[in-house]
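Asks: One predicted model, sequence on top.
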Amino acid sequence: RKEVEQDPGPFNVPEGATVAFNCTYSNSASQSFFWYRQDCRKEPKLLMSVYSSGNEDGRFTAQLNRASQYISLLIRDSKLSDSATYLCVVNIRGGSYIPTFGRGTSLIVHP
Amino acid sequence: ETGVTQTPRHLVMGMTNKKSLKCEQHLGHNAMYWYKQSAKKPLELMFVYSLEERVENNSVPSRFSPECPNSSHLFLHLHTLQPEDSALYLCASSPLVQGPANTGELFFGEGSRLTVL
């Protein structure tokens, strides 16, 4: 079983749609969770951290379910500029806490 | 302007060449990472350095050799690579690496795109 799993997509949605991505992780000792965004041929950049109580940043909402070991990202009112790959990142506990990436979910927002 | 700078941005090399990738961070971070990104695969952690000591090596082939002379600089020395090593190599830094309080936020450079012929 992969440590961090994501549906690669692509998710193809019209502007204004609401879209949700899930990510599951296998290590129950994982401590911190993140969503990164990666544009084509660019480096990943932090989109938002994911807190146990859930958190919101504008059109983006992230949630964590520790019991089921998954995190989610909800994007409301999708914009063309949201088209990117969204990477789930989990700090996996080994000797230290190492950021471990999922393979990413591709989102395409069309007019 | 990125706080993490990688050079070269593009590199083409033969299988018998020796080359190096360089990474420099201007953020005052304590940890630096090398990740490999191949098409259709997740980012693969290659090496982590914390306070200039290697914290984790993810069973990377010996043809990749990291060097971290200080907390601001990280190198990846390449020797006798294979065509399957062609990928985007991303350097990242973070404030700290050990302990559950690690926020985990990574700051990436723009990457070095490597092609091995």
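Replies: Everything's here; your move.

Asks: Let me know the helix or strand that the residue nearest in space to the middle of chain B is in.
Replies: By C-alpha atoms, centre = their mean, chain B has its centre lying nearest to residue B:34, at 2.3 Å. For residue B:34, the element it lies in under DSSP states H and E is strand B:31-37.

Asks: Enumerate the residues of chain A near chain B.
Replies: Within chain A, the positions near chain B by C-beta under 8 Å from any C-beta of the partner chain are A:4, A:8, A:31-32, A:34, A:36, A:42-46, A:49, A:87, A:89, A:91, A:93-104. C-beta coordinates here come from the backbone N, C-alpha and C atoms, glycine included.

Asks: now the residues you listed: which count as buried?
Replies: Burial by neighbour count, judged by 16 or more other C-beta atoms under 10 Å in any protein chain shown, picks out A:4, A:31-32, A:34, A:36, A:43-46, A:49, A:87, A:89, A:91, A:96-104 from the residues of chain A next to chain B.

Asks: mind listing which of the residues of chain A next to chain B are in strands?
Replies: A:4, A:34, A:36, A:45-46, A:49, A:87, A:89, A:91, A:93, A:97-101 (DSSP state E).

Asks: how about these, which pair is most distant?
Replies: A:45 and A:93 (24.4 Å; C-beta to C-beta).

Asks: any idea which helix or strand comes after the lowest-mean-pLDDT helix or strand in chain B?
Replies: Least confident helix or strand of chain B, by mean pLDDT, DSSP states H and E, is strand B:53-57 with a mean of 74. Sequence-wise, the next helix or strand downstream of strand B:53-57 (DSSP H and E) is strand B:64-70.

Asks: lowest average confidence, helix or strand, in chain A?
Replies: Min over SSEs of chain A, mean pLDDT, DSSP H and E: strand A:97-101 (a mean of 81).

Asks: helices or strands next to that one in the packing?
Replies: Here strand A:97-101 touches strand A:84-93, strand B:44-50, going by 3 or more C-beta pairs under 8 Å, 6 or more residues apart in numbering or on different chains; DSSP states H and E.

Asks: one more time with 10 Å
Replies: strand A:4-6, strand A:33-38, strand A:84-93, strand B:31-37, strand B:44-50 (3 or more C-beta pairs under 10 Å, 6 or more residues apart in numbering or on different chains; DSSP states H and E).
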